[in-house]
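Trainee: I would like the atomic coordinates for the input below:
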Amino acid sequence: MTNPDISIRFATPSDIPLILALICDLAKYEKLLDEVVATESILENSLFGNRKTAEVLIGSYKGQDIAYVLFFHNFSTFLGKPGIYIEDMYVKKAFRGKGMGKAMFSRLAGIVKERNCGRLEWAVLDWNRPAIQFYESLGALPMNGWTVYRLTGKELENPGSENALQALRFD
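Mentor: Numbering: from 1, shown residues only. Reported below is the predicted structural model:
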């Protein structure tokens, strides 16, 4: 089912201010605005530079840009195929419930098929019940038994430091 009020397109460099604004909107919603260090320059380099590391789709409702999804390729050794990982998906609050989220997932599923990928994955904050309910309504399943880990900041600079090693137990 298509909605003539909704359109989805790949972002262009002229969308960088919009993308950054939507990232900040998402960060406010997730109570993580203080963690945003992205700038227009960083996004331009990462999304459109010589070594493009991610892609963005922009969702419009009645001609107004109101959503984005930022994604990149990962790889499944078990499938022997690439996959697509959604880093962020965000629809402005006033436009939720109008079909944009489903349209974005539909477009991403099409990209997964076009690129012969094996899966589409993402993470969700445990407290974000509206998002979890939406994902489950699409037929998505949580990956029980898996926990996401992250190295960032000083830990990323020196993951084998004495402090990091002291926290490990090898029994």
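
Trainee: Past the longest strand belonging to the chain, which element shows up next along the chain?
Mentor: The longest strand of the chain (DSSP state E) is strand 64-76. Next helix or strand after strand 64-76 toward the C-terminus (DSSP states H and E): strand 81-91.

Trainee: how much does that next one deviate in direction from strand 64-76?
Mentor: Relative orientation of strand 81-91 versus strand 64-76 (axes from the mean of the first three to the mean of the last three C-alpha atoms, to 10 degrees): 150 degrees.

Trainee: Name the SS class of L151, please.
Mentor: Classification of L151 using DSSP: H, G, I helix; E, B strand; the rest coil returns coil.

Trainee: Specify the local secondary structure of the closest residue to it other than its chain neighbours.
Mentor: Nearest non-adjacent residue to L151, counting by C-beta to C-beta, 6 or more residues apart in numbering: P159, 5.6 Å away. (Glycine included, C-beta is placed from N, CA and C.) Secondary structure, three-state DSSP: P159 is coil.

Trainee: for P159, phi and psi?
Mentor: Dihedral pair for P159: phi -70, psi -20, per degrees, to the nearest 10.

Trainee: Next, count neighbours for G101.
Mentor: Residues near G101, counting by other C-beta atoms under 10 Å, number 22.

Trainee: Isn't it up against F134?
Mentor: Yes - the pair G101 / F134 is scored as a contact, 5.9 Å apart, by C-beta atoms under 8 Å.

Trainee: returning to that earlier point: list the contacts of the longest strand of the chain.
Mentor: When contacts are defined by C-beta atoms under 8 Å, 6 or more residues apart in numbering, strand 64-76 is touched by residues 11, 15, 18-19, 22-23, 53-61, 81-92, 94-95, 100-101, 104, 108, 115, 117-119, 121.

Trainee: Who are the contact partners of Y135?
Mentor: Shown in contact with Y135 (C-beta under 8 Å, 6+ apart): V124.

Trainee: quick one, phi psi at it?
Mentor: Given degrees, to the nearest 10, the pair of backbone angles that Y135 has is phi -60, psi -40.

Trainee: now it: how far from N128?
Mentor: 10 Å (C-beta to C-beta, to the nearest Å).
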